[in-house]
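1. Give me a 3D structure for the following:
(chains A, B, C and D)
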Number of protein chains: 2
Amino acid sequence: MIKKKIKLKDIAKELEVSISTVSKALKNSEEISRDTKEKIQAFARLYNYKPNNIAVSLKNKRTKNIGVIIPDIVHHFFTTVIRGVENYALEKGYNVIVCLSDESFDKEVINMEMLANGSIDGFIMSLSAGTEKKKDFNHLKEVTDQGIPLVLFDRVTNEIDCDKVVIDDIQGAYVATKKLIDEGRKRIVLLTTQDFFSVSLNRNLGYQKALKDAGVKVKDDFILKLPFMDVDDKAISEFLERTKPDAILSTNEIFGIFAMRVLQKKGFEIPNDISIIGFTDGLLAQHANPAITSVAQHGEKMGEMAAKMLIDRVENEEDEEPNYQTKIIAPTLIERESTF
Amino acid sequence: MIKKKIKLKDIAKELEVSISTVSKALKNSEEISRDTKEKIQAFARLYNYKPNNIAVSLKNKRTKNIGVIIPDIVHHFFTTVIRGVENYALEKGYNVIVCLSDESFDKEVINMEMLANGSIDGFIMSLSAGTEKKKDFNHLKEVTDQGIPLVLFDRVTNEIDCDKVVIDDIQGAYVATKKLIDEGRKRIVLLTTQDFFSVSLNRNLGYQKALKDAGVKVKDDFILKLPFMDVDDKAISEFLERTKPDAILSTNEIFGIFAMRVLQKKGFEIPNDISIIGFTDGLLAQHANPAITSVAQHGEKMGEMAAKMLIDRVENEEDEEPNYQTKIIAPTLIERESTF
DNA sequence: TGTTAACACGAAACCGTTTTCGAAAGTGTT
DNA sequence: AACACTTTCGAAAACGGTTTCGTGTTAACA
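-> You can find the predicted model right below:
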């Protein structure tokens, strides 16, 4: 026995008024008399009337949905961003449609196209590895050309004119490297990914800048660029044996964890023998033994800011000159047990 | 210069045919002549016509969206479930709307109500702690009464008649405990949460059953029930000092990690002195040092199955007698370095 | 040449709302 | 009694599609 949902027409028929009257009464319109409004509202409450979202969306051309496209959800950073977006969205009465590009350009395009046909009021996204590698941003261009608001976060591109929120990766790496230098470390190596990731590139720059500012020469063979997936214990192990570092900066969380494991198995003590700092202050860094000093990216805050920027755009679409902004969040070095 | 999206009416006007003709032509209807169809399709392709999802949804009463409500997204298990759901959904042309209940009953209700008014074709969800504690399932009842398909996973209730997918928690805990017994461990303690979590309860049962089957007496003070959030190092530490275990079974990932840290700080060697097995085969267990033997819950598979069950229901709504199923996934013990 | 059937297309209803506009009824003023 | 306002409500269009059904045209056939 399925209880069908009640609609305006049903209320109208039952109370012998018109649909328009019901609609207005439920919005407490001044046009409708006190009596009628009370009668209608009471009836609606009794039968638990809720307007159909789809019909409202079609009429208002507002879905109250925002689309979030991220490369990977099994990743603490993106997960915290979603939480931030969700928090703000819920507060503003928006739903969050999450799509995963799986680091693939094609999936990113498919997902965008699926959502761009009316399903959402705006996008929040971080570029997939495939897209960063291919440098093809036509799908983003099409979306913005249609007037759909877009906010890019973390992995962004300046090929596209839109709102952005990023952390200051150069600064983050700089501070981390400086911390290691100040500790007296002399052989500071960098574990990073290939260059097509905008974030890795910037972190690399920050690392080199800190070294230069301290009068330390940057050695190219102190930098290991690993593929971003399928991390290889062996590659790390060989690199560490060759470079014999006394400190490691990793541009992500996982490489640092791997390095620490390799070192611990070889009998090194962290941080006595070698200091380690990683990026992305995630669960792994927090719960490792010793806990790893990390550059926090404030994902949740990023998500909230992105959501705020997006919803502001969505709700004030009239302003003709966009005046796009890029918010830069300052990273924070969280000192734990893997450094002094 | 915003490029407005083209609609049926525009194509109709341009090609001097009716809207219905365009609609049919684009669906390759037999009613329309070859010539007209080709002309219309070519035009549509040229101008990149895509039907408006909202309008189609309103007409068809199908949104091609599925709502997923989970307690927490910053949690590896749920995150893998979402990935599984996403995979299957994308394949079938569905979008996934993710809502977070934040372990709160109220948020769970709000989210359900937001989505239940036409935004989605069905729900996939795992109960929040608040709901499990309160044992109030009226919001679920209302949804199913309306004929909206619902699939519960992991944290389920038998108060509600619907499809479910769970893992055999009793079995998982049984196998894990047996493994410890077979290793020769005599003082096997259990780290778990309060009883209102259905999963914890079952894991506790499995633990006790394995002990009994091996002729070991279950001691109540060998079981520590911690609040599910804000884990307390001190409580764990005191418990371990009091019980002096030679093996630990943790009903989740994090308690096991905490216990290992505490023990390592006290100088114990894992697994030489003490073996550890945890539930939820997440990143923490995989990357801990030593890596922790875990009972894998196969979240991605669960997500895929839940999505499959839901979409099957959605697309075959005619069958009058529901005949709800509960799929039980067998857990797997993944042996790592924290046991012999 | 008249009848019929196939073919190709269009008009209109519909999905469930919102909103504009017009109009009936009531009120008050002279 | 005539007029001008209010107040209160309903008809209808609109959002952008899908689908049913009717109809004009043409070809085929007796």
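
2. which one is the residue minimising distance to the centre of chain A nearest to, not counting chain neighbours?
-> With distances taken as Cα atoms, centre = their mean, residue A:81 lies nearest the centre of chain A, 4.3 Å away. Excluding the flanking residues, the one nearest residue A:81 by Cβ to Cβ, 6 or more residues apart in numbering or on different chains is residue A:303, at 3.9 Å. Every residue, glycine included, has its C-beta placed from N, CA and C.

3. residues from chain A in reach of DNA strand C?
-> A:7-9, A:19-20, A:23-24, A:26-27, A:31, A:51-52, A:55-56, A:58-60 (Cβ under 7 Å from any atom of the strand).

4. List the ones among these that fall in helices.
-> Residues of those located in helices (DSSP state H): A:8, A:9, A:19, A:20, A:23, A:24, A:26, A:55, A:56, A:58, A:59, A:60.

5. what subset of those residues is also close to DNA strand D?
-> A:19, A:20, A:55, A:58, A:59.

6. Max pairwise distance over those residues: which two?
-> A:20 and A:58 (17.2 Å; Cβ to Cβ).

7. Verify the stated contact: residue A:179 with residue A:334.
-> No: applying Cβ atoms under 8 Å, one finds residue A:179 not in contact with residue A:334, separated by 11.0 Å.

8. who's more crowded, the two?
-> Using other Cβ atoms under 10 Å in any protein chain shown, the more surrounded residue of residue A:179 and residue A:334 is residue A:179, with 21 against 15.

9. And the residue of the stretch 151-300 of chain A closest to DNA strand D?
-> The stretch 151-300 of chain A approaches DNA strand D most closely through residue A:162 (23.1 Å), counting by Cβ to the nearest atom of the strand.

10. returning to what we had before: show me which of residue A:20 and residue A:58 is the more surrounded one.
-> Comparing residue A:20 with residue A:58 by other Cβ under 10 Å, the one with more neighbours is residue A:58, at 20 against 13.

11. Spit out the contact partners of the more buried one.
-> The neighbours of residue A:58, taking Cβ atoms under 8 Å, 6 or more residues apart in numbering or on different chains as the test, are B:52, B:54, B:55, B:58.

12. Neighbour-wise, which one of those leads?
-> Counting neighbours by other Cβ under 10 Å, residue B:54 leads the contacts of residue A:58 with 24 neighbours.

13. how close does the residue nearest to residue A:81 get to residue B:123?
-> 24 Å (Cβ to Cβ, to the nearest Å).

14. Just put the contacts of residue A:58 in JSON lines and tack on pLDDT.
-> Shown next, in JSON lines, are these (pLDDT from 0 to 100):
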{"residue": "B:52", "pLDDT": "97"}
{"residue": "B:54", "pLDDT": "97"}
{"residue": "B:55", "pLDDT": "97"}
{"residue": "B:58", "pLDDT": "97"}
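
15. Residue A:185 against residue A:246, yeah?
-> Yes: using Cβ under 8 Å, residue A:185 makes contact with residue A:246 at a distance of 4.9 Å.

16. More neighbours: those two, which one.
-> Neighbour totals were compared for residue A:185 and residue A:246, and residue A:185 leads with 22 against 17 (other Cβ under 10 Å).

17. does the closest residue to residue A:322 other than its chain neighbours sit in a helix, a strand or a coil?
-> Of all residues not flanking residue A:322 in the chain, residue A:161 sits nearest, at 7.4 Å (Cβ to Cβ, 6+ apart). Under DSSP: H, G, I helix; E, B strand; the rest coil, residue A:161 falls in the coil class.

18. do the same with residue A:115
-> At residue A:115 the chain is in helix, as set by three-state DSSP.

19. How confident was the prediction at the residue nearest to it when sequence neighbours are not counted?
-> Once flanking residues are discounted, residue A:115 sits nearest to residue A:67: 4.2 Å by Cβ to Cβ, 6+ apart. Per-residue confidence (pLDDT) for residue A:67: 97.

20. dump the residue contacts of residue A:67.
-> Contact analysis of residue A:67 by Cβ under 8 Å, 6+ apart lists A:97, A:99, A:111, A:112, A:115, A:119, A:120, A:122, A:123, A:124, A:125.

21. Let me know the secondary structure of it.
-> strand.

22. Look up how far residue B:96 lies from it.
-> Shown here: residue A:67 relative to residue B:96, a distance of 11 Å by Cβ to Cβ.

23. How about the residues of chain A by DNA strand D?
-> Residues of chain A found near DNA strand D, taking Cβ under 7 Å from any atom of the strand as the criterion, are A:16-21, A:31-37, A:55, A:58-59, A:61.

24. Weed out the non-buried ones from those.
-> Buried members of these, counted by 16 or more other Cβ atoms under 10 Å in any protein chain shown: A:17, A:21, A:32, A:36, A:37, A:55, A:58.

25. quick one: which of these is nearest residue B:175?
-> For those, the closest approach to residue B:175 (Cβ to Cβ) belongs to residue A:55, at 51.6 Å.

26. Could you check which residue of the stretch 201-340 of chain A lies nearest DNA strand C?
-> residue A:315 (14.1 Å).

27. and if you look at the stretch 151-300 of chain A?
-> DNA strand C sits closest to residue A:151 of the stretch 151-300 of chain A, with a gap of 26.2 Å, by Cβ to the nearest atom of the strand.

28. Residue A:127 is in contact with residue A:160, isn't it?
-> No: judged on Cβ under 8 Å, residue A:127 makes no contact with residue A:160 at a distance of 9.6 Å.

29. and the strand or helix carrying residue A:236, anywhere near chain B?
-> Using DSSP states H and E, residue A:236 sits in helix A:233-243. No: with Cβ under 8 Å from any Cβ of the partner chain as the measure, helix A:233-243 is seen stopping short of chain B, the closest distance being 11.5 Å.

30. Can you give the contact residues for that helix?
-> Under the contact criterion Cβ under 8 Å, 6+ apart, helix A:233-243 has outside partners A:187, A:189, A:191, A:221-222, A:224, A:226, A:255, A:258-259, A:261-263.

31. Over to stretch A:15-31?
-> Outside of stretch A:15-31, the residues within contact range by Cβ under 8 Å, 6+ apart are A:8-9, A:11-12, A:32, A:36-37, A:39-41, A:43-44, A:49, A:51.

32. Of these, keep whichever come out buried.
-> Buried, going by 16+ other Cβ under 10 Å: A:8, A:11, A:12, A:32, A:36, A:37, A:40, A:41, A:43, A:44, A:49, A:51, out of those.

33. Can you check which residues contact both of residue A:127 and residue A:160?
-> What both residue A:127 and residue A:160 touch, as defined by Cβ under 8 Å, 6+ apart, is the set residue A:152.

34. More neighbours: which of the two?
-> residue A:127 (28 against 16).

35. Quick check: chain neighbours aside, which residue is closest to the more buried one?
-> Excluding the flanking residues, the one nearest residue A:127 by Cβ to Cβ, 6+ apart is residue A:155, at 4.1 Å.

36. How about the contacts made by the one you found?
-> A:71, A:126, A:127, A:128, A:132, A:197, A:198, A:199.
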